[in-house]
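*Asks:* Give me a model of this one.
(one chain, ligands or ions: 1)
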Amino acid sequence: MTEHKEVVIIGSGPAGLTAAIYTARANLEPLVIEGEPSSTSDQPGGQLMLTTDVENYPGFPSGIMGPELMSNFRAQAERFGAELLTKKVTRVNLHTSPFEVWVGDPSSNEPTFTAESIIVSTGAKALMLNLPKEIELVGHGISTCATCDGFFFKDQEIAVVGGGDSAIEEAMFLSRFASKVTIIHRRDQLRASKIMQDRAFANPKIKFLWNHQVTEYIGDTKLEGVKVQNVTHQTESTLGISGLFIAIGHTPNTSIFEGQLSLHENGYIKTESDSSRTNIDGVFACGDVQDFTYRQAITAAGSGCMAAIDAERWLEEQHAG
Ligand code: NAP
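*Replies:* Now for the predicted structure:
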């Protein structure tokens, strides 16, 4: 039986759960379809579920663990009546009114839910090297966010993997804390813009390991080093580092919206400026799924608030009209 909802929120990171708090407090009884754990690296709650200490989220002067922060977000949303469903959305139809949402079998004729409005907050995933022990070591030496974790590596030797603008930006930021930052790149030329390259070359703390790739993580409970291989000569060596920042790109979780929502070339959802509105009236997007610039929990939460207010006002207009 198809159930009808005023607001369906897809995704349960800081953006989705903030949207849930605001829409719940506006008496819109939101349903949050929060995702479903399919592996240790893929679970409801977004990227903070893979983070240890969060020290830059305002309001927590002594810091807070990522999973605990997300559990607080959930509890706050539930307190105001948001309903959370631990399932993955498998299909949406945004070309009809009300919108249709499927969880489970996408070929079923009956959608699981219909919705007056939808808030998309499915986030983005940092691309990983997919080596053994990687997931276990995230938050224990392996990171995908220098802004979040750089501070923990004061006066230590660390490395960054990648050769694009993100890798250089992360390395520049990390050089404020670390004693040495090695950029491990699989080619002998950077993809990053010339200006970023020049800055990195001029930074005395940044060194380059060209034509190398990481083949193994050393350390069981925390990262103690990496094995690297020269891709030209296949020779192996070891790099003793306490931190490795993987900066090889991100991918937004937008596959179920392809062909319906307007996406940027890089796959992120297009929203109107200063708004969470998408190309489809009544569908709003917030958080990392539409943000490839800031990518912070606090900016995601802020945009979740915007999406909730946009959805609330839009629903009001519909009911008035
Ligand atoms: P990117 O430009 O796609 O670069 C990814 C880098 O990671 C490339 O150097 C690539 O190597 C390397 N890589 C990919 N897969 C790898 C693997 N499995 N193992 C080892 N290395 C791998 O991604 P990005 O740096 O995140 O940037 C994304 C976009 O955002 C770009 O358009 C960028 O210009 C923009 N951006 C801009 C700024 C800024 O202007 N301040 C900052 C950040 C990002 P190859 O080079 O060999 O392919």
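*Asks:* same for the worst-scoring helix or strand of the chain on mean pLDDT, what does it pack against?
*Replies:* Evaluated with mean pLDDT, DSSP states H and E, the helix-and-strand set of the chain has its lowest mean pLDDT in strand 53-54, which scores a mean of 82. With contacts defined as 3 or more CB pairs under 8 Å, 6 or more residues apart in numbering; DSSP states H and E, strand 53-54 has these neighbours: strand 64-65, helix 66-79. For glycine as for every other residue, the C-beta is placed from the backbone atoms N, C-alpha and C.
*Asks:* let's see it at 10 Å
*Replies:* strand 64-65, helix 66-79, helix 146-149 (3 or more CB pairs under 10 Å, 6 or more residues apart in numbering; DSSP states H and E).
*Asks:* what's in contact with the following helix or strand past the longest one?
*Replies:* Next helix or strand after helix 66-79 toward the C-terminus (DSSP states H and E): strand 83-85. Counting contacts by CB atoms under 10 Å, 6 or more residues apart in numbering, the residues outside strand 83-85 that touch it are 5, 8-9, 12, 16-17, 20, 24, 29-36, 44, 74, 77-78, 103, 112-113.
*Asks:* what do you get if the cut-off is 6 Å, keeping everything else the same?
*Replies:* Contacts of strand 83-85 with the rest of the structure, by CB atoms under 6 Å, 6 or more residues apart in numbering, involve 31-34.
*Asks:* Most neighbours of all those, which one?
*Replies:* Neighbours here are counted as other CB atoms under 10 Å. On that basis the top member of the contacts of strand 83-85 is residue 32, with 28 neighbours.
*Asks:* who does it bridge with?
*Replies:* Beta-bridge pairing of residue 32, defined through DSSP bridges, involves residue 9, residue 84.
*Asks:* and the gap between it and residue 51?
*Replies:* Residue 32 sits at a distance of 20 Å from residue 51 (criterion: CB to CB, to the nearest Å).
*Asks:* Flag every residue of the stretch 101-250 of the chain that's near the ligand.
*Replies:* Taking CB under 6 Å from any ligand atom as the criterion, the stretch 101-250 of the chain approaches the ligand at residues 129, 161-167, 169, 186-187, 191, 213, 248-249.
*Asks:* Which among these count as buried?
*Replies:* Burial by neighbour count, judged by 16 or more other CB atoms under 10 Å, picks out 161-167, 169, 186, 191, 213, 248-249 from these.
*Asks:* Pairing-wise in the sheet, spell out the partners of the residue lying closest to residue 113 once chain neighbours are set aside.
*Replies:* For residue 113, the nearest residue in space outside its immediate sequence neighbours is residue 101; the separation is 4.4 Å by CB to CB, 6 or more residues apart in numbering. Legend: beta-bridge partners of residue 101 under DSSP bridges are residue 92, residue 113.
*Asks:* How many neighbouring residues does residue 101 have?
*Replies:* Per other CB under 10 Å, the neighbour tally for residue 101 reads 25.
*Asks:* Number the chain from 9, please
*Replies:* Got it, the first residue is 9 from now on, which makes the last one we talked about residue 109.
*Asks:* There's contact between it and residue 100 in this structure, I believe.
*Replies:* Yes - the pair residue 109 / residue 100 is scored as a contact, 5.4 Å apart, by CB atoms under 6 Å.
*Asks:* need the contact list for the closest residue to the ligand within the stretch 159-308 of the chain.
*Replies:* Among the residues of the stretch 159-308 of the chain, residue 172 lies nearest to the ligand; the distance is 2.4 Å by CB to the nearest ligand atom. Contact analysis of residue 172 by CB under 6 Å, 6+ apart lists 199-200.
*Asks:* switch to 10 Å and redo it
*Replies:* Taking CB under 10 Å, 6+ apart, one finds 178, 193, 198-201, 204, 255-257 in contact with residue 172.
*Asks:* same check, this time on residue 254
*Replies:* Contact partners of residue 254, counting by CB under 10 Å, 6+ apart, are 134-137, 142, 146, 150-153, 167-170, 174-175, 178, 192, 222.
*Asks:* and it, backbone torsions?
*Replies:* Main-chain dihedrals, residue 254, degrees, to the nearest 10: phi -90, psi 120.
*Asks:* ok, it to residue 134 distance?
*Replies:* Taken as CB to CB, the span from residue 254 to residue 134 is 7 Å.
*Asks:* what about the biggest helix by length in the chain, average pLDDT?
*Replies:* Counting residues, the longest helix in the chain under DSSP state H turns out to be helix 305-328. With pLDDT averaged residue by residue, helix 305-328 scores 97.
*Asks:* For it, enumerate the helices and strands it packs against.
*Replies:* Packed against helix 305-328 by the contact rule (3+ CB pairs under 10 Å, 6+ apart) you find strand 11-18, helix 22-33, helix 74-87, strand 121-128, strand 291-293.
*Asks:* how about these in JSON lines, adding mean neighbour count?
*Replies:* Putting the helices and strands packed on helix 305-328 into JSON lines (neighbours: other CB atoms under 10 Å) gives the following:
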{"stretch": "strand 11-18", "mean neighbour count": "22"}
{"stretch": "helix 22-33", "mean neighbour count": "28"}
{"stretch": "helix 74-87", "mean neighbour count": "18"}
{"stretch": "strand 121-128", "mean neighbour count": "25"}
{"stretch": "strand 291-293", "mean neighbour count": "29"}
